[in-house]
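S.K.: just coords:
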């Protein structure tokens, strides 16, 4: 790349040393200006975020990052099958609905320089005996909870007590492992903050919503003060058109039709939603739980999601093949930066905020989605390149979760 094309006048042999000093100083000024010119006219590489303070690990800090590594063949296959786990819902049950290739279930994450322990269901249940765990967020968070149900299935069968807490037993699920006095819950909150329908044409998959960015959604905020483990994650819902409110006032929007409203972009809403969520946890006087952020899970649509886009690959990428796209990286950075800011105060209060740093490693698994091999409760015709087949690569999230819980 050619940055500057400037020809400097050169002194003749008879000129004195003061001329040489002049040209040397001028050259130094030009070279030190290059970074400024770069920033002004050309994009910089995306900065790497230091997440070392957010990694809860039993290993010395400089020994191993379990989230850096590669997917390696694992011919033994998954922990469970559709026959050994009867809790797989149709939405993720790719084998039931005709997916014939099974290779996507025969890969395992291998960190660089260390080993990620296998998931031990007995160890997990002993660790959570007498405790509670809640997944807060959207349906991908619920996807992880269903993975956990299946990983525990060979040791203990839970009782579904959702009807005791909510009439909406799809979005608000409660499971009880009576022998361990352990409760497992998922609380539906795809924006983390208060949201309302705002489209005059009515609600649809891409209709306008109003987000109140400084108001935590009471659907989860009023339920987790006594919880021992909270896993927070949201993502794809922030691509839809939205109005943003703060202190009850409209401050901007994303993809709204009005020309007289400030366009703030999806990253603004996403960042502020996490800021409010973490602030809410810090403000709960009785909250003593461990909080994990499970990072942004990028979709793998090849083509537009609502125009026949699909995810038909049957093998993982390597990190050399494919890098995370910049717009996905910005979502990741926004939430991690907010977690870092909250973690400093959490530490002062004696709370633990940790990171399930799964974004990059899951970007390498375009083969793990249901595509059309799943059946949603909603009658839709779009392919699913957002959620993950069970069993499948999402099971690794709970290997990471147990690893960090033991930290």
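M.R.: Alright, I've got the coordinates. Predicted model, so just to flag it, every value in this text is computed and none were measured.

S.K.: just the helices in the stretch 301-407 of the chain please.
M.R.: Ranges of helices in the stretch 301-407 of the chain, per DSSP state H, counting those that start in this stretch, are 326-348, 359-363, 395-405.

S.K.: likewise for the chain?
M.R.: Chain-ordered helices for the chain, with DSSP state H as the definition, fall at 17-41, 121-127, 139-152, 218-221, 266-283, 326-348, 359-363, 395-405.

S.K.: most tightly surrounded among those?
M.R.: The highest mean neighbour count among those belongs to helix 139-152 (a mean of 24), with neighbours defined as mean count of other CB atoms under 10 Å. Yep, even glycine has a C-beta here, placed from its N, CA and C like the rest.

S.K.: relative to residue 285, how far out is the closest residue to residue 362 other than its chain neighbours?
M.R.: Using CB to CB, 6 or more residues apart in numbering and skipping residues adjacent in sequence, the residue nearest residue 362 is residue 297, 5.8 Å away. Applying CB to CB, to the nearest Å, the value for residue 297 to residue 285 is 32 Å.

S.K.: returning to what we had before: among the helices of the chain, which comes closest to residue 90?
M.R.: helix 139-152 (11.2 Å; CB to CB).

S.K.: I'd like to check which residues are in contact with residue 150.
M.R.: Residues in contact with residue 150 (CB atoms under 8 Å, 6 or more residues apart in numbering) are 79-80, 85, 87-88, 390-391, 395.

S.K.: looking at those, spot the one nearest residue 207.
M.R.: Minimum separation from residue 207 among the contacts of residue 150 (CB to CB) is found for residue 390, which lies at 29.5 Å.

S.K.: tell me the backbone dihedrals of the closest one, please.
M.R.: Backbone torsions of residue 390, given as degrees, to the nearest 10, read phi -120, psi 130.

S.K.: give me the pLDDT for it.
M.R.: The predicted structure scores residue 390 at 98 on the pLDDT scale.

S.K.: do the same with residue 195
M.R.: Looking at residue 195, its pLDDT is 97.

S.K.: remind me which residues of the stretch 1-150 of the chain are low pLDDT?
M.R.: Across the stretch 1-150 of the chain, the stretches falling below the confidence threshold (pLDDT under 70) are 1-63.

S.K.: do a quick rundown of the strands in it.
M.R.: For the stretch 1-150 of the chain, applying DSSP state E, counting those that start in this stretch gives strands covering 69-73, 107-111, 132-137.

S.K.: skip the chain neighbours and tell me the closest residue to residue 111.
M.R.: Using CB to CB, 6+ apart and skipping residues adjacent in sequence, the residue nearest residue 111 is residue 69, 3.9 Å away.

S.K.: cool, and residue 182?
M.R.: Nearest non-adjacent residue to residue 182 (CB to CB, 6+ apart): residue 128, at 4.7 Å.
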